[in-house]
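Colleague: this one's structure only:
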């Protein structure tokens, strides 16, 4: 059984560009949540996908969007990048979308916006 | 109201000692309180979790104490070991999302 994987590991973009981050969920998991973790801070919830539908969203602007595919892998897209978008982006998969479903995290994608 | 306040920001404990990390919240709608451990270069991993109808939960050397009336909960690590050196996050769940504390960097000195 493979764990949660994310790609790429690191990414450097310039302000105004667009970026796509990818996440492969753990086998059997139908829910993916995305988080932004700024340096020295706790993760901030971006959104959650359950069976290919957005299940909930945190306080992030619409330029943060996502997709979940039939195999339950997921993408996070960020348009019009800003300097403050520089962070570690984490995805987590779980067996279900309830609070007590343990979220298993990938190692993250480090995004730097110049 | 959606915040979870975590303290201390950093903590140094001697090997074999007890590490204690505290969290406080305001929103009484939070219904699940997990603790996560994160090593450098890795994603967080669930350590232990508690529901608000339970006052204490113990798993091995890790114990959560929960005070519903004070809206506080804490993580105790007994017999702390150098391998416990990591960043610890408390979190609180509401609906579909986790609200996280800012983290505590724990260093266990040999």
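Modeller: It's in. Just so we're clear, the structure is a prediction, and the values are computed from it rather than from any experiment.

Colleague: give the other helices and strands that the top strand by length along chain B contacts.
Modeller: As assigned by DSSP state E, the longest strand anywhere in chain B is strand B:86-94. Here strand B:86-94 touches strand B:4-7, strand B:19-25, strand B:33-38, strand B:72-77, strand B:97-100, strand B:104-109, going by 3 or more Cβ pairs under 8 Å, 6 or more residues apart in numbering or on different chains; DSSP states H and E. The C-beta positions use only the backbone N, C-alpha and C, and glycine is treated the same way.

Colleague: JSON lines for those strands, including mean neighbour count and distance to chain A?
Modeller: Listed next are those as JSON lines, based on neighbours: other Cβ atoms under 10 Å in any protein chain shown; distance: least, Cβ to the nearest Cβ, whole Å:
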{"stretch": "strand B:4-7", "mean neighbour count": "18", "distance to chain A": "8"}
{"stretch": "strand B:19-25", "mean neighbour count": "20", "distance to chain A": "11"}
{"stretch": "strand B:33-38", "mean neighbour count": "23", "distance to chain A": "8"}
{"stretch": "strand B:72-77", "mean neighbour count": "20", "distance to chain A": "14"}
{"stretch": "strand B:97-100", "mean neighbour count": "24", "distance to chain A": "3"}
{"stretch": "strand B:104-109", "mean neighbour count": "17", "distance to chain A": "9"}
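
Colleague: give me the pLDDT value at the residue most central in space within chain A.
Modeller: Geometric centre of chain A, nearest residue: residue A:34, 3.1 Å, by Cα atoms, centre = their mean. According to the predicted model, the pLDDT of residue A:34 comes to 97.

Colleague: hang on, the earlier thing: weakest of the helices and strands packed on strand B:86-94 in terms of mean pLDDT?
Modeller: Per-stretch mean pLDDT for the helices and strands packed on strand B:86-94 is lowest at strand B:97-100 (a mean of 91).

Colleague: near chain B, which residues of chain A?
Modeller: Selection of chain A residues close to chain B by Cβ under 8 Å from any Cβ of the partner chain yields A:4, A:33, A:40-45, A:48, A:55-56, A:58, A:90, A:92, A:97, A:99-100, A:102-108.

Colleague: what is the rounded mean pLDDT of the longest strand of chain B?
Modeller: The average of the pLDDT scores along strand B:86-94 is 95.

Colleague: quick one: residues in contact with that strand.
Modeller: Residues outside strand B:86-94 that contact it (Cβ atoms under 8 Å, 6 or more residues apart in numbering or on different chains) are A:42-43, A:99-100, B:2, B:4, B:6, B:21, B:23, B:25, B:27, B:29-39, B:44, B:47, B:73, B:75, B:98-101, B:103-106.

Colleague: cheers, nothing more for now.
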